[in-house]
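**Student:** pasting a predicted model and its sequence here:
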Amino acid sequence: MSRKTSADPELAHQLSRRGMLGVAAGATAAAVLGASAAATPAAAHGTGHRPGSGHGHGKGQPVLPPGRLGIQLYSLRDKVSTIGFAKVFDELERFGYDEIEFAGYTQGSAGAITLPQLRRLARDHGLKPIGSHVNYADDNNPNAYSFAQNLTKVLDDAQELGLDHIGTASGPFRYGSTVDAWKRAAADFNTYGAAAKRRGMKFYQHNHAEEFSFATDRPGVRLYDILLAETDPSLVYLEMDIYWAYAGQFRFSKTPEGRPAPFDPLRYVLKQPHRYPLFHVKDGIEDITARDGYRMVDVGDGDIDYRRFISAVNKTHGGRRGHHWQVEHDQPVDSLAFARKSSAHLHGLREKR
């Protein structure tokens, strides 16, 4: 799994420390509607698992396709901003990662770095930059680094990094939560997708739970369904954050009036697998007292059945070659330990015989 065996002594020391983050994750900038579903997430998507109770390790074909394990660098933002990309990439190489997804191109107190240097650094560590998260819009700042305000610059940078995908983790709430508002956002996304396609890239949107809520003017219409219907499949792609999709399932399996409206995140993917080139692999322990129905934990320590989910996607047309799996944790206790554990867990998953 690992391509390197030597560890930086400073990083080895840091890996033994706990509680270093203390950095709050950015809150989703959207008001949402809806009531929590009565059923637990486990009942909605199949049997989950607790640590040590059937994670699928052992003999058989690996669930994880070769060369397709990545990490969203937002999970390592504390290390990137203090020790820099080079030392972080050194550890990711040792942990057996193949790909990286950016959440910014600066490294704080570690010093300035140019995009060509960053691309070369990733290549030298055997890491392919597969995508990047950029803000959708900041209409109060015409100079904002976002798709809406500076599309050309965003695409120039993505091209300089050699990215195959360039996307946003912003929800399509720019114009509100009505049906027409989301149609307008979908039109924006089609524009960005067309511009990205002209440069040989795919534009994508990464979901949180709120995308699965309902339109304020038509409470029987799920907003995510509008996004899918109104965007051009050849221009706009999706990066399903699996954890947040199941949180959306928990929160929005009933309409605001209380009518049942169940959905299965996996079925969205299986219906249109070509639209989901990227995934975020997060884990959570089921907790129906929590707003989202889960408490986020390290990958492998929770109840989301990734052996089942990834195996199902692998069986779609071009599945093992056509999808990329990026691990993420919004606030890991120890970000490098999280990266190491996540890689070991996913590499250890085996398909059922």
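**Tutor:** Received it, and whenever you're ready, just let me know what you need. Since we're looking at a predicted model, the values are computed, not measured.
**Student:** which SSE is the residue positioned nearest the centre of the chain in?
**Tutor:** Geometric centre of the chain, nearest residue: H280, 3.1 Å, by C-alpha atoms, centre = their mean. H280 belongs to strand 278-281 when assigned by DSSP states H and E.
**Student:** residues in contact with that strand: which ones?
**Tutor:** The contact list for strand 278-281, computed with C-beta atoms under 8 Å, 6 or more residues apart in numbering, reads 72, 101, 130-131, 165, 167, 204, 206, 237-244, 299, 306, 313, 323-328, 342, 346. For every residue, glycine as well, the C-beta is placed using N, CA and C.
**Student:** next: stretch 181-191.
**Tutor:** Under C-beta under 8 Å, 6+ apart, the answer for stretch 181-191 is 136-137, 147-148, 151, 172-175, 203, 205, 215, 223, 226-227, 230-232, 235-236.
**Student:** and the buried ones among the residues you listed, selectable in PyMOL?
**Tutor:** To isolate the buried members of the contacts of stretch 181-191 in PyMOL, using 16 or more other C-beta atoms under 10 Å:
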select buried, resi 136+137+147+148+151+172+173+174+175+203+205+215+223+226+227+230+231+235+236
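**Student:** so which of the contacts of stretch 181-191 belong to helices?
**Tutor:** F147, A148, L151, L223, I226, L227, E230 (DSSP state H).
**Student:** would you confirm that the third one contacts Y192?
**Tutor:** Yes: with contact defined as C-beta atoms under 8 Å, L151 counts as touching Y192 (6.4 Å).
**Student:** and A186, how close does it get to A196?
**Tutor:** 15 Å (C-beta to C-beta, to the nearest Å).
**Student:** between these two, who's got more neighbours?
**Tutor:** A196 (26 against 20; other C-beta atoms under 10 Å).
**Student:** the more buried one: which element?
**Tutor:** Going by DSSP H and E, A196 is in helix 179-198.
**Student:** which residue, other than its chain neighbours, is closest to the residue nearest to the centre of the chain?
**Tutor:** Nearest residue to H280, sequence neighbours excluded (C-beta to C-beta, 6 or more residues apart in numbering): D241, at 3.9 Å.
**Student:** show me the contacts for the one you found.
**Tutor:** Listed by C-beta under 8 Å, 6+ apart, the contact partners of D241 are H206, N207, H208, F279, H280, K282, E328.
**Student:** please convert these to TSV, extending it with distance to G111 and pLDDT.
**Tutor:** Shown next, in TSV, are those (distance: C-beta to C-beta, whole Å; pLDDT from 0 to 100):
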residue	distance to G111	pLDDT
H206	29	98
N207	34	98
H208	32	98
F279	32	98
H280	29	98
K282	30	98
E328	25	98
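**Student:** now do the helices in the stretch 201-350 of the chain.
**Tutor:** Counting by DSSP state H, counting those that start in this stretch, residue ranges of the helices within the stretch 201-350 of the chain are 223-230, 242-251, 265-271, 306-314, 319-322, 335-348.
**Student:** most tightly packed of these?
**Tutor:** Ranked by mean neighbour count under mean count of other C-beta atoms under 10 Å, the helices of the stretch 201-350 of the chain are led by helix 242-251, which reaches a mean of 25.
**Student:** please name every helix or strand in contact with it.
**Tutor:** For helix 242-251, the contact count by 3 or more C-beta pairs under 8 Å, 6 or more residues apart in numbering; DSSP states H and E identifies helix 41-45, helix 265-271, strand 278-281, strand 283-286, strand 294-297 as packing neighbours.
**Student:** now with 6 Å, please.
**Tutor:** Under the contact criterion of 3 or more C-beta pairs under 6 Å, 6 or more residues apart in numbering; DSSP states H and E, helix 242-251 touches helix 41-45.
**Student:** what packs against the helix or strand just after the helix it packs on?
**Tutor:** With elements assigned by DSSP H and E, the helix or strand that comes after helix 41-45 is strand 69-72. Judged by 3+ C-beta pairs under 6 Å, 6+ apart, the packing partners of strand 69-72 are strand 99-102, strand 324-327.
**Student:** pLDDT averaged over strand 69-72 - what is it?
**Tutor:** Taken as a whole, strand 69-72 has a mean pLDDT of 98.
**Student:** give me the buried positions along that strand.
**Tutor:** In strand 69-72, counting by 16+ other C-beta under 10 Å, buried: L69, G70, I71, Q72.
**Student:** show me which residues of the next helix or strand after that strand are buried.
**Tutor:** The helix or strand immediately downstream of strand 69-72 is helix 77-95, counting by DSSP H and E. Neighbour-count burial for helix 77-95 flags 77-81, 83-95 (criterion: 16+ other C-beta under 10 Å).
**Student:** and helix 77-95 with helix 335-348, angle?
**Tutor:** 40 degrees (axes from the mean of the first three to the mean of the last three C-alpha atoms, to 10 degrees).
**Student:** coming back round to it: what's the spacing between the residue nearest to H280 and V327?
**Tutor:** Counting by C-beta to C-beta, the gap from D241 to V327 is 11 Å.
**Student:** again, but for D225
**Tutor:** 28 Å.
**Student:** now swap in A186 and tell me
**Tutor:** According to C-beta to C-beta, A186 stands 29 Å off from V327.
**Student:** rebuild the ones in helices among the contacts of stretch 181-191 as a markdown table, extending it with distance to A290 and pLDDT.
**Tutor:** Formatted as a markdown table, the ones in helices among the contacts of stretch 181-191 follow (distance: C-beta to C-beta, whole Å; pLDDT from 0 to 100):
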| residue | distance to A290 | pLDDT |
| --- | --- | --- |
| F147 | 32 | 98 |
| A148 | 33 | 98 |
| L151 | 37 | 98 |
| L223 | 22 | 98 |
| I226 | 27 | 98 |
| L227 | 26 | 98 |
| E230 | 32 | 98 |
